[in-house]
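1. One predicted model, sequence on top.
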Amino acid sequence: MALLDSQVSQQVSQFFEAMQDSVTVEFFAGPEPEMAETFSELINEVADLSDLVMVKTTDTAPVLEPGHAGNEAITGPVAELLDNTGRHTGVRFLGIPSGHEFGAFLEALKSVSTHASTLSARARDQLATIQNPLHIQVFTTPT
């Protein structure tokens, strides 16, 4: 059964028309088969809407971000975005990007593809002054 209806699929296809370079969604299923199956189905449906979006499944669990003790792995499911050179972009989605996260997922795909950001010129100038590595995390949760 399709997760995206025809109207949403058409809107996503139109949204993807602005894409330029390919993006790979690297997917790690994790130990929860039901959640992994739904997540996999969603990202594959999205990938079917553009020749520039590919899905690659991996058995290697991504490690948690810096700041965690040890070298702990994410239990999944998780999708990480790779640019057109296969480089990890640092953009990852833990759990199914549904609801409000679905829009963020689509925007992230487009941003990686176009190598563009919606940040203002002022914000870019301020970010350019950062001299040391910086780790940024954005968390969303339905309320």
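-> Done, it's in.
2. ranges for the strands of this structure?
-> For the chain, the strands defined by DSSP state E cover 23-28, 53-58, 78-82, 88-94.
3. and Asp5, which of those is closest to it?
-> With distances scored as C-beta to C-beta, the stretch of the strands of the chain nearest to Asp5 is strand 53-58 (18.8 Å). Where C-beta positions appear, they are placed from N, C-alpha and C, glycine not excepted.
4. partners of that closest one in the sheet?
-> strand 23-28 (parallel) (DSSP bridges).
5. Could you tell me the angle between the strand it pairs with and strand 88-94?
-> 50 degrees (axes from the mean of the first three to the mean of the last three C-alpha atoms, to 10 degrees).
6. Contacts for strand 23-28, please.
-> 39-40, 43, 46-47, 52-62, 74, 76-84, 86, 88, 109, 112-113 (C-beta atoms under 8 Å, 6 or more residues apart in numbering).
7. In ChimeraX, how would I select just the buried ones from those?
-> Applying 16 or more other C-beta atoms under 10 Å to those, the buried members can be selected in ChimeraX as follows:
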select :39,40,43,46,47,52,53,61,62,74,76,77,78,79,80,81,82,83,109,112,113
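8. circling back to that earlier point, export the strands of the chain to JSON lines and tack on mean pLDDT?
-> Shown next, in JSON lines, are the strands of the chain (pLDDT from 0 to 100):
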{"stretch": "strand 23-28", "mean pLDDT": "96"}
{"stretch": "strand 53-58", "mean pLDDT": "96"}
{"stretch": "strand 78-82", "mean pLDDT": "94"}
{"stretch": "strand 88-94", "mean pLDDT": "90"}
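9. need those strands in JSON lines with distance to Leu4, can you?
-> Putting the strands of the chain into JSON lines (distance: least, C-beta to C-beta, whole Å) gives the following:
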{"stretch": "strand 23-28", "distance to Leu4": "15"}
{"stretch": "strand 53-58", "distance to Leu4": "13"}
{"stretch": "strand 78-82", "distance to Leu4": "16"}
{"stretch": "strand 88-94", "distance to Leu4": "16"}
